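Colleague: let's see this in three dimensions:
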Amino acid sequence: MSTHLSPAAARRVFLILTATRWLPVGFVIGVFTLFALERGLTIQETLTYFAAQGVMVLLLELPTSGFADAFGRKSVLVAAGLINVITGVLYVTANSFWQFALAAAFMGIYRALDSGPLEAWFVDTVHLTEPGADVDQALAAQGTIVGVAIAGGSLASGGLIAWHPIADRSAIAFPIVVSIAFAVLHLVLTLALVHEPRLANKSTRVRQALDSAKDTPKVIVDGLTLLRHNRILAGIVGVELFWVIGMTVFESMLPIRMAEMLGSTTDAGALLGPVAAAGWAVFALGSVIAGRSMKRWGVVRAAIAARIFNGLGAAVMGLMLGPVGLVGAYLVTYMLHGVGGAPHATLLHREASAHNRATVLSMNSMVMFAGGAVAAPAIGWLAQTTSVQTAMVVAGLVSVFGAFLYLPALRHERTLRRGDDKGLDGDAAPTPA
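Modeller: You can find the predicted model right below:
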């Protein structure tokens with residue numbers, strides 16, 4: 001009897017596991033930062049321990065990319081789910097910098113393993129019975145479910161912290177414990193619902209995994225060579241170094257500044273739940289604005305504007321003196337974060353081709369994680385030695401400079417447009433992209 005799921009059944013499993021994968025994330029957005037502060041870490045230590053996650057993802061993203069192909073999507077999903085549960089336990093029991101850094105490192109391992117296998121399993125399962133079938137509608141539905149799940153988890157997290165049913169326990173630890181419970185549920189559902197064909201023998205799978213890991217240096221060298229010979233692409237990828245500085249402000253510094261304003265990590269945690277949920281709503285609005293902006297002004301101009309105003313928004317967050325102003329500035333900034341995503345991705349794909357697209361996307365992701373591993377501790381040091389507000393303003397303004405790295409792409413886009421205009425006038429043929 002075949003264990004293959006029908007396309008409809010595979011779609012249901014895919015969306016269910018998407019929901020259970022991202023719901024726990026909503027419970028802990030901002031909470032890990034507040035929990036570390038509550039456990040006695042300084043601001044600098046709190047932002048520095050996060051770097052362990054970025055370093056692990058940076059080191060493992062490419063070496064683990066072939067694991068799902070070698071050992072099967074289900075095996076990797078189960079391993080990732082188990083590590084996610086361990087990560088939650090490490091976080092909720094952490095009491096020192098190194099314990100939090102260990103938890104962050106495990107989170108990095110989880111993210112490296114979890115990146116892609118569920119989507120790959122779904123597409124492969126559908127194609128077993130309907131070769132070449134389009135899965136765009138399911139992927140679109142996935143995006144919606146991710147947003148809803150994170151927003152729902154964030155709202156519930158804020159409610160749990162405000163409720164604080166166990167007076168002698170940390171209110172901020174409560175949503176972390178709940179997130180662990182949902183992570184266990186996700187692991188159980190993965191074991192029960194994911195089915196795939198029997199794979200090749202064990203020795204063959206191990207050899208495939210080793211081959212994938214051995215290819216890592218070559219992929220990195222190929223990516224660096226590509227960036228060295230393509231100034232436009234190098235600029236686009238370089239934007240991530242500045243973008244992640246802004247992200248550190250409106251994602252990691254927001255809980256710290258909120259706790260500073262309210263004088264309580266618990267009160268800050270209760271408020272951040274609904275604020276994070278609203279943030280995801282305005283992020284989606286930003287994506288809609290991005291589509292219209294690209295049509296009206298062009299892709300590069302939309303990307304430049306988003307980068308400038310997002311960085312300025314992060315700086316304005318640091319200037320706010322009260323919670324209302326901080327939340328308002330955050331929502332505008334996060335909306336602009338959403339505006340910048342689509343233009344940036346479009347520009348990456350413009351410079352990539354079929355044979356190097358995966359390399360281009362991997363290099364973009366790796367630069368972002370590498371930048372974050374350096375930026376977060378630096379911003380934490382600045383906040384510790386000056387003030388949280390100063391660090392937010394400086395980091396926000398520095399992130400604006402990433403817009404200048406889009407200029408080679410802007411000049412190229414103008415050249416193409418002039419070529420198209422001449423072609424239409426009959427003076428010259430359009431310049432090929």
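
Colleague: identify the residues contacting the host helix or strand of residue 98?
Modeller: Taking DSSP states H and E as the criterion, residue 98 maps to helix 97-114. Applying C-beta atoms under 8 Å, 6 or more residues apart in numbering, the contact partners of helix 97-114 are 21, 36, 39, 41, 45-46, 48-57, 60-61, 64, 67, 76-77, 79-80, 83-84, 86-87, 90-91, 93-94. Every residue, glycine included, has its C-beta placed from N, CA and C.

Colleague: buried subset of these?
Modeller: 21, 36, 39, 41, 45-46, 48-57, 60-61, 64, 67, 76-77, 79-80, 83-84, 86-87, 90-91, 94 (16 or more other C-beta atoms under 10 Å).

Colleague: pull out the buried positions in stretch 377-397.
Modeller: Buried residues in stretch 377-397 (16+ other C-beta under 10 Å): 377-380, 382-384, 388-389, 391-397.

Colleague: which of these fall in helices?
Modeller: 377-380, 382-384, 388-389, 391-397 (DSSP state H).

Colleague: work out for me the element the nearest residue to residue 376 once chain neighbours are set aside sits within.
Modeller: Distances taken as C-beta to C-beta, 6 or more residues apart in numbering place residue 47 nearest to residue 376, at 4.4 Å, with adjacent residues excluded. Taking DSSP H and E as the criterion, residue 47 maps to helix 43-49.

Colleague: same question for residue 5.
Modeller: For residue 5, there is no host helix or strand (DSSP H and E).

Colleague: any idea how far it lies from residue 333?
Modeller: Residue 5 sits at a distance of 42 Å from residue 333 (criterion: C-beta to C-beta, to the nearest Å).

Colleague: more neighbours, the two?
Modeller: residue 333 (27 against 22; other C-beta atoms under 10 Å).

Colleague: leaving out chain neighbours, which residue sits closest to the more buried one?
Modeller: residue 313 (3.2 Å).

Colleague: flag every buried residue along the helix or strand hosting that neighbour.
Modeller: Assigned by DSSP H and E, residue 313 belongs to helix 299-319. The neighbour-count check on helix 299-319 (16+ other C-beta under 10 Å) flags 299-318 as buried.

Colleague: in the next helix or strand along the chain from that helix, what's buried?
Modeller: Downstream of helix 299-319, the next assigned helix or strand under DSSP H and E is helix 323-351. Going by neighbour count (16+ other C-beta under 10 Å), the buried part of helix 323-351 is 323, 326-327, 329-348, 350-351.

Colleague: got it, and stretch 15-28?
Modeller: 15, 17-28.

Colleague: helices or strands up against the one helix or strand residue 123 maps to?
Modeller: Following DSSP H and E, the helix or strand that holds residue 123 is helix 117-129. For helix 117-129, the elements it packs on are helix 7-28, helix 67-71, helix 73-93, helix 136-163, judged by 3 or more C-beta pairs under 8 Å, 6 or more residues apart in numbering; DSSP states H and E.

Colleague: among those helices, which is nearest residue 125?
Modeller: helix 7-28 (4.2 Å; C-beta to C-beta).

Colleague: nearest residue to residue 397 in space, please, no chain neighbours.
Modeller: residue 315 (5.0 Å).

Colleague: so where's the protein uncertain?
Modeller: 1-3, 63-71, 132-136, 140, 198-220, 222-223, 354-356, 358, 419-433 (pLDDT under 70).

Colleague: can you give me every residue that contacts the spatially closest residue to residue 29 that is not a sequence neighbour?
Modeller: Nearest non-adjacent residue to residue 29, counting by C-beta to C-beta, 6+ apart: residue 276, 4.7 Å away. Residue 276 is in contact with 26, 29-30, 150-151, 154, 157, counting by C-beta under 8 Å, 6+ apart.

Colleague: quick one: buried residues of the helix or strand containing residue 276?
Modeller: Using DSSP H and E, residue 276 sits in helix 265-297. Using 16+ other C-beta under 10 Å as the test for burial, helix 265-297 gives 265-284, 286-287, 289-290, 293-294.

Colleague: tell me the contacts of the nearest residue to residue 338 once chain neighbours are set aside?
Modeller: Distances taken as C-beta to C-beta, 6+ apart put residue 286 closest to residue 338, at 2.5 Å, once the chain neighbours are dropped. Residue 286 sits next to 334-341 when contact means C-beta under 8 Å, 6+ apart.

Colleague: which one of these sits closest to residue 9?
Modeller: Nearest to residue 9 among the contacts of residue 286, with distances taken as C-beta to C-beta, is residue 341, at 31.5 Å.

Colleague: was I right about the closest one contacting residue 288?
Modeller: No. At 11.6 Å, residue 341 does not count as touching residue 288 under the criterion of C-beta atoms under 8 Å.

Colleague: off-centre distance for stretch 16-25?
Modeller: 15 Å (C-alpha atoms, centre = their mean, to the nearest Å).

Colleague: go on, stretch 104-119?
Modeller: 11 Å.

Colleague: list the buried ones in that stretch?
Modeller: In stretch 104-119, counting by 16+ other C-beta under 10 Å, buried: 104-115, 117-119.

Colleague: restricting to C-alpha, output it in CSV.
Modeller: Only the C-alpha atoms of stretch 104-119 are listed here, as CSV (Å, rounded to 0.1, in the frame of the first residue of the first chain):
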residue,chain,number,x,y,z
ALA,A,104,21.3,30.9,21.2
ALA,A,105,23.8,28.5,19.5
PHE,A,106,21.3,25.7,19.6
MET,A,107,18.7,28.1,18.1
GLY,A,108,21.2,28.7,15.3
ILE,A,109,21.5,24.9,14.7
TYR,A,110,17.8,24.6,14.7
ARG,A,111,17.3,27.4,12.1
ALA,A,112,20.0,25.9,9.9
LEU,A,113,18.3,22.5,9.9
ASP,A,114,14.8,23.9,9.6
SER,A,115,15.5,26.1,6.6
GLY,A,116,13.7,24.6,3.7
PRO,A,117,12.9,20.9,4.3
LEU,A,118,9.2,21.3,5.1
GLU,A,119,8.6,23.3,1.9
